[in-house]
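Student: Just to be clear, the model below is a prediction. Sequence and coordinates:
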Amino acid sequence: MKVKTISRGEDFARERSGDIFKVQRNLDPTLHPFERAREYTRALNGVKLERLFAKPFVGALSGHIDGVYCVAKHPTKLATIYSGAADGEVRIWSLTSQKSTWTARAHQGFVRGICSVPDSENFFTVGEDKIVKMWNSESTDPINTYIAKNAFTGVDHHRSKPLFATSSTQIDIWDHARAEPVQTFSWGAETTTSVKFNQTETNVFASCGTDRTVILYDLRTSSPLSKIVMAMRTNAIAWNPMEAFNFTTANEDHGCYTFDMRKMASAMNVHKDHVSAVLDIDYSPTGEEFVTGGYDRTVRIFKTREGHSRDVYHTKRMQRIFCVKFSMDAKFVLSGSDDGNIRLWKAAASQKLGTTSNRERASQNYTNTVKERYKHLPEIRRIDKHRRIPKAIAKAKETKRIMGHSIKRKEENERKHSKPGAVPYKVERKKHVLVNEK
């Protein structure tokens, strides 16, 4: 019988039986044998702690006695916002004290739009009473009043010039010093529901209408640039503040579509997760994220390059969300809903409010880095993606998934039993754009 033994050289042999065995170690920390295992454990612990400390709700601004339908940010003050309600009341809020600092009965009926004047204390409101009013926080009487023939649906201000645009049956461009519009634009829509100026290419603005169109205009040419017709109606538009050509639309078909205004035939990205119509949208000042508010009573935060939301916020008492805004420092999100409250949320649900030490910041940065490195692994991905959502939304989501599979299966069956090429494949980014005109 042969017995095979492992024999080592003299370097490993002990001189006497009481000596310890020699162990080869590489002391270079970059080549540590358990580096990946250690980092994975730290990433797992980090993502668990993130979900444990995820408490996004900061506070509610209560004071309106009817639904909040529009919200605007102050151009220079981080802690000041404007809001307009369905009963015609307009308020200015301080986010630090979470109290109203100014109130006025601005319009008869709904306040449909509100916007601030850049580098100024003034702001504009429009209502269903066919009146535009210019206000200042120092007085409860309007500075100026502009009267039109039709009820307004929205307003937005030019980045640098004393011009503002209103939407109704047409797009009107107004000068602060004139009582009549200086320019008028229209291209087929019965009613234009929203208008937004580009903040980089300041002479370009976009509008969406009840006839499912999204139209781009240029102030310099006094004519529309291009128009697309979507499969369903667009409710709101937001321009990316860091990428001049890109804008995102909030659609009635539960999705958001990011377009490049140079190539409108297909969307750059399709953002899905809402289970009901998306009613409002706003970009973060960094241009990396945007927030949406839906008829399904949820606020969702999307990354610009990704198709699904990274977070969802909801409460039992919150009703349909008609307006959302990112704060000017990108750390908070505001949502105005049908129940008369404006809610303040953290943009990063587990972020600590208040001052942090250098050690805390270094630790958080390290944890974020290892989480990003190992985010594709199943356990980390499962914990990171998990969100508790209301039962009604979970059921609607499942129903949507089943319906989507059913439609795909039906198309595949038609394709199998038809001539080759008779039932073409439809690209998701193109099939929602029906017509592209210039």
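Tutor: Looks like it came in fine. Small disclaimer: the values here were computed from a predicted structure and weren't measured. Numbers count the residues shown, from 1 in each chain.
Student: per-residue confidence averaged over stretch 241-250?
Tutor: On average, the pLDDT along stretch 241-250 is 94.
Student: buried ones in it?
Tutor: 241, 245-250 (16 or more other CB atoms under 10 Å). For glycine as for every other residue, the C-beta is placed from the backbone atoms N, C-alpha and C.
Student: Could you single out the nearest of the residues you listed to M134?
Tutor: Nearest to M134, judged by CB to CB, of the buried residues of stretch 241-250 is P241 at 24.6 Å.
Student: Verify the contact between the closest one and E289 for me.
Tutor: No - between P241 and E289 there is no contact under CB atoms under 8 Å: 11.3 Å.
Student: Could you single out the nearest of the buried residues of stretch 241-250 to K346?
Tutor: Of these, the one sitting nearest to K346 (CB to CB) turns out to be P241, at 20.6 Å.
Student: Quick check: buried residues in the top helix by length along the chain?
Tutor: Among all segments of the chain classified by DSSP state H, the helix with the greatest residue count is helix 391-416. For helix 391-416, a neighbour-count test (16+ other CB under 10 Å) marks 393, 396 as buried.
Student: what's the answer for stretch 176-184, then?
Tutor: 176, 181.
Student: residues in contact with that stretch?
Tutor: Stretch 176-184 has contacts (CB atoms under 8 Å, 6 or more residues apart in numbering) with 134, 144, 146-148, 162-164, 170-175, 219, 222.
Student: do stretch 96-104 as well
Tutor: Against stretch 96-104 from outside (CB under 8 Å, 6+ apart): 59-61, 63, 79-80, 89-94, 135, 137, 140, 344.
Student: Now which of the residues you listed would you call buried?
Tutor: 60-61, 63, 80, 89-93, 135, 344.
Student: Not counting sequence-adjacent ones, nearest residue to F164?
Tutor: Nearest in space to F164, with sequence neighbours left out and distances taken as CB to CB, 6 or more residues apart in numbering, is H157 at 4.6 Å.
Student: where in the stretch 51-200 of the chain is pLDDT low?
Tutor: 189 (pLDDT under 70).
Student: Please enumerate the helices of this protein.
Tutor: Under DSSP H, the chain gives helices at 35-52, 358-373, 378-385, 391-416.
Student: Pull the residues that contact the third one.
Tutor: Contacts of helix 378-385 from elsewhere in the structure, counted by CB under 8 Å, 6+ apart, are 43-44, 47-48, 50-51, 371, 374-375.
Student: How about stretch 48-65?
Tutor: When contacts are defined by CB under 8 Å, 6+ apart, stretch 48-65 is touched by residues 83, 85, 87, 89, 91, 93, 95, 98-100, 103, 311, 313, 315, 332, 340-346, 349-350, 352-353, 371, 383-384, 386.
Student: I'd assumed R91 was in contact with Y82.
Tutor: Yes - in this structure Y82 lies within contact range of R91 using CB under 8 Å: 7.4 Å.
Student: Run the chain-centre distance for the longest helix of the chain.
Tutor: Its chain's C-alpha centre and that of helix 391-416 lie 26 Å apart, by CA atoms, centre = their mean, to the nearest Å.
Student: who touches D156 in this structure?
Tutor: Contacts of D156 by CB under 8 Å, 6+ apart are 113, 115, 164-165, 195-197, 205.
Student: Are any of those residues buried, and if so which?
Tutor: In the contacts of D156, the ones that pass as buried (16+ other CB under 10 Å) are 113, 115, 164-165, 195-197, 205.
Student: Of those residues, which pair is most distant in space?
Tutor: G113 and F205 (13.8 Å).
Student: Specify the beta-bridge partners of G293.
Tutor: D280, V299 (DSSP bridges).
Student: Isn't it up against K325?
Tutor: No - judged on CB under 8 Å, G293 makes no contact with K325 at a distance of 9.4 Å.
Student: still on that earlier bit, how deep is the residue nearest to F164 tucked in, by neighbour count?
Tutor: As a burial measure, H157 scores 23 neighbours (other CB atoms under 10 Å).
Student: from now on call the first residue 15
Tutor: All set: I'll call the first residue 15, so the last point we hit is now H171.
Student: Pretty sure it sits against P132.
Tutor: Yes - between H171 and P132 there is a contact under CB under 8 Å: 6.6 Å.
Student: can you give me the strands for the stretch 15-164 of the chain?
Tutor: In the stretch 15-164 of the chain, the segments counted as strands under DSSP state E, counting those that start in this stretch are 71-76, 82-87, 94-99, 103-108, 113-119, 125-130, 136-141, 145-150, 158-161.
Student: Show me what the second one is packed up against.
Tutor: It refers to strand 82-87. Packing partners of strand 82-87 (3 or more CB pairs under 8 Å, 6 or more residues apart in numbering; DSSP states H and E): strand 94-99, strand 125-130, strand 335-340, strand 346-351, strand 355-360.
Student: Likewise for the shortest one?
Tutor: Other elements packing on strand 158-161 under the criterion 3+ CB pairs under 8 Å, 6+ apart are strand 145-150.
Student: Who does the strand it packs on pair with, and is each partner parallel or antiparallel?
Tutor: With DSSP bridges as the test, strand 145-150 pairs up with strand 136-141 (antiparallel), strand 158-161 (antiparallel).
Student: I'd like those strands as JSON lines, with mean neighbour count and distance to Q38 appended.
Tutor: Putting the strands paired with strand 145-150 into JSON lines (neighbours: other CB atoms under 10 Å; distance: least, CB to CB, whole Å) gives the following:
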{"stretch": "strand 136-141", "mean neighbour count": "24", "distance to Q38": "72"}
{"stretch": "strand 158-161", "mean neighbour count": "14", "distance to Q38": "83"}
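Student: right, and the ones you listed - which one's nearest D296?
Tutor: Ranking those by proximity to D296 (CB to CB) places strand 136-141 first, at 16.7 Å.
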